[in-house]
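**Q** sequence first, predicted model second:
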Amino acid sequence: MNSFTLINKNKVFFNIWLAQLISNFGDSFYDVAIVLYIMSITNNSAFLAGGIAISSFLGRFVGSYISSKYIDKVHTRVVMLVTDMIRIILLIVMLYCMSKFKMPVIFFYFLGFMLSVLGYAFVPARHKSVSEIVHRDELLHANQADSVSSSIVQILSWALGGVVYAFFGVYITLFIDLLSFCISFFLVFISKWNSSLNKPLIRENNKFDNKKNNYKENKVMKNLFKLESIYLLLAAFYWAALPLKIIPIWGSKNYGYQGAFFGLGALIMAIFLGKVKFKKIGYVYLLGLLVNLIGNLIGAIAIQFFVFALGVFVAGIGDPFWSVGRKMIIQTNIDIKNQGEAFAKLETYGSFMLIVGWIFGGYVADKTSATFVMTFVCIIQLIVIVCFSNVFRDTTYKNNLTK
């Protein structure tokens, strides 16, 4: 079996997969439109447009934190439907207000924050739903399919969003985002599934109950949280320095191309991911981090854009291993009734680290140099991966899938 066979065979998973693909395209159209629109009403202020990114990061942190408190008490389908419905209402309000009034920038910050809160209440439920819809021995192919769709969005959506905005303006671009949420809502609405498809793992210390702190007894999960938090903090330093590396040397046009190179690498590897055989899922995760690191290091020391683009492409190759491995560590080490909170907590910690890293990363890059920050970050990331490697080499894959 491969991911394409799974999509064709499992109608419910196909609907959820397609809903995610379409809504991700809509999200990217929104991201492009709102930044360009804010710049157009603020005399091209990059500072004010950048406020959208901060409000989105804060929304991601708040949304994942709140969802961790209730996500496993409500059926994932209900969470997905409610969050999509509220996002539809918010976008309708945004479009109406923009058409009738001259709205201040703070209005868009607030709506961006709320949309992000809802989005990251949706994400943990979406990740958990895979374990509810797909048999445990098919999880790799399900996550592979998700990785393929994410890579397609990475390559195409930003460019298409910019074209639509240029030719049709902000209202049509945002309406496409609204339409994507409506389609996503419909596909989830017509899909019904039983959350008890996979039997709970019969293992000790797999509960993720924050009140009892049982998740701290799970060695794998504890170290996953630590490694992800540290790695994302360092990654945010890298990403904050990235514009200072690209724009002064190669121009702002090439800054936009990096996403396409990253997405192309991710798409190629995502397609072939199901053919790669691993004895332990921890190897998938560690390989993703390592390949991503190698690509980032190539980009950090590059003095020609071709070499930089090659580094971004290599980093993209590592992304499917990283994202699929991370999800499957939770899906195969945490009981299904507690997976929602595990995913939400992981997003909460990661969001906080991204906020901190973005704030301080740009400052450090301004005071030193982008190349220095990016290279130094890669060295520290390598040390961190090595320090945690023993834990994830012990993370089982086959045994957990077949229990």
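**A** Great, that's in hand.

**Q** quick one: the helices in the protein, in order.
**A** Taking DSSP state H as the criterion, the chain carries its helices at 3-9, 11-41, 46-70, 76-100, 105-133, 139-168, 170-189, 219-250, 252-272, 281-301, 305-333, 339-367, 370-393, 398-402.

**Q** okay if I get those helices as TSV plus mean neighbour count and mean pLDDT?
**A** The way it works is simple: take the backbone N, C-alpha and C, and place the C-beta from them, glycine included. Formatted as TSV, the helices of the chain follow (neighbours: other CB atoms under 10 Å; pLDDT from 0 to 100):
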stretch	mean neighbour count	mean pLDDT
helix 3-9	16	65
helix 11-41	21	85
helix 46-70	19	80
helix 76-100	18	92
helix 105-133	22	88
helix 139-168	20	79
helix 170-189	20	93
helix 219-250	20	81
helix 252-272	19	75
helix 281-301	22	89
helix 305-333	23	87
helix 339-367	21	82
helix 370-393	18	86
helix 398-402	15	43
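
**Q** what residues are up against the residue sitting furthest away from the middle of the chain?
**A** In the chain, the residue that sits farthest from the middle, by CA atoms, centre = their mean, is Lys100; the gap is 34.1 Å. By CB atoms under 8 Å, 6 or more residues apart in numbering, no residues touch Lys100.

**Q** can you tell me how far it sits from Gly169?
**A** Noted for Lys100: a distance of 16 Å to Gly169, by CB to CB, to the nearest Å.

**Q** now swap in Leu91 and tell me
**A** 16 Å.

**Q** now swap in Cys378 and tell me
**A** Distance of Cys378 to Gly169, computed by CB to CB: 41 Å.

**Q** equivalent analysis for Ala53, please.
**A** Counting by CB to CB - Ala53 and Gly169 are separated by 22 Å.

**Q** before we move on, what about Glu138?
**A** Glu138 is 43 Å from Gly169, by CB to CB.

**Q** repeat that for Gln258.
**A** The gap separating Gln258 from Gly169 is 26 Å, by CB to CB.

**Q** next: Glu347.
**A** Distance of Glu347 to Gly169, given as CB to CB: 33 Å.

**Q** next one: Ser351
**A** Counting by CB to CB - Ser351 and Gly169 are separated by 32 Å.

**Q** who's in contact with the closest residue to Met94 other than its chain neighbours?
**A** Nearest non-adjacent residue to Met94, counting by CB to CB, 6 or more residues apart in numbering: Leu111, 5.4 Å away. Residues near Leu111 by CB under 8 Å, 6+ apart: 90, 93-94.

**Q** save these as a markdown table, and put in distance to Ile71 too.
**A** Converted to a markdown table, these look like this (distance: CB to CB, whole Å):
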| residue | distance to Ile71 |
| --- | --- |
| Leu90 | 21 |
| Val93 | 26 |
| Met94 | 26 |
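
**Q** return the member of these nearest to Val284.
**A** Val284 lies nearest to Leu90 out of the contacts of Leu111, by CB to CB, at 36.5 Å.

**Q** ok, the closest one - contacts?
**A** 111, 114-115, 118.
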